[in-house]
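S.K.: Sequence and predicted structure below; questions after.
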Amino acid sequence: MNVLVILGHQQAGSFNHAIAATVVRVLKDNGHTVTFHDLYAEHFPAILPAEEVPQDNAFVDPVIQQHCEELTAAEGIVIVHPNWWGMPPAILKGWVDRVFRPGVAYEFSEGDLGGGVPTGLLTTRLALVLNTSNTEDEREQLVFGDPLEALWVDCIFGFCGVPNVHRRNFSIIIDSTLEQRQGWLREVEALVNELFPVS
Ligand SMILES: Cc1cc2nc3c(=O)[nH]c(=O)nc-3n(C[C@H](O)[C@H](O)[C@H](O)COP(=O)(O)O)c2cc1C
């Protein structure tokens, strides 16, 4: 399977980097073709400029065009990022803003200016979102409503036609032990093996 892996974390050596490295390693071991982007390391240009705001004659930066082609070609997608204020880091939000373009990720039917219900265009069948946070899962859900769940499952992947979205949040990171983090990485490995088995 052709799998796109996107990491949105600012620091090499972080637990998020360890998660992404585990994902990439297991995918490759299982025979999948991996396209990996560490958005911070690549200095991904996250700000959507006015001339690129979706419209028929919009100018699309070649870097973004390349990302769009990779998104279109992806049969599976894995997203790795920490919870920042119930949102992804801005660089990853910018990746969605610029790469999930109309005509690439979704479209509206003829005559619909964008107020209706779109058709998802992604042929990706399977997405996995791996998050980290410093909040107990129960508190995240009860107090904050777990915004990352709705964001990825409904607002982004659901909107663009990806039917099968799995998400796992690892917490609490800040005072976790080495053993806990090693256990979580084994969980990542098992999850990737289950969802993206040997091809
Ligand atoms: C700007 C910022 C905002 C954050 N907001 C939240 C938050 O809303 N909820 C939460 O549980 N943790 C929050 N955190 C903590 C991060 O989720 C935590 O540092 C990260 O998941 C740890 O992973 P790492 O060891 O790979 O950096 C925030 C951290 C930063 C830097």
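M.R.: Now that the structure is in, tell me what you want to look at.
S.K.: all contacts plus neighbour counts: C-alpha atoms, from now on.
M.R.: OK.
S.K.: Show me what the longest helix along the chain is in contact with.
M.R.: The longest helix of the chain (DSSP state H) is helix 178-195. The contact list for helix 178-195 (C-alpha atoms under 8 Å, 6 or more residues apart in numbering) reads 15, 18-19, 22-23, 26-27, 30, 170.
S.K.: Name the spans of the chain whose pLDDT lies under the cut-off.
M.R.: 54-57 (pLDDT under 70).
S.K.: near the ligand, which residues of it show up?
M.R.: 14-16, 82-86, 132-135, 173 (C-alpha under 6 Å from any ligand atom).
S.K.: where's the residue nearest the centre of the chain, which helix or strand?
M.R.: Of all residues in the chain, the one closest to the mean position by C-alpha atoms, centre = their mean is Ile79, 3.0 Å from it. Under the criterion of DSSP states H and E, Ile79 resides in strand 76-82.
S.K.: Partner strands of that strand and their direction?
M.R.: Strand pairing for strand 76-82, determined by DSSP bridges: strand 2-7 (parallel), strand 126-132 (parallel).
S.K.: just the helices in this protein please.
M.R.: 15-29, 62-73, 90-99, 137-144, 147-150, 178-195.
S.K.: Run through who's touching the second one.
M.R.: Counting by C-alpha under 8 Å, 6+ apart, helix 62-73 makes contact with 2, 4, 35, 98-101, 104-105, 122-124, all of which sit outside it.
S.K.: let's go with 7 Å and repeat that
M.R.: 98-99, 104, 122-123 (C-alpha atoms under 7 Å, 6 or more residues apart in numbering).
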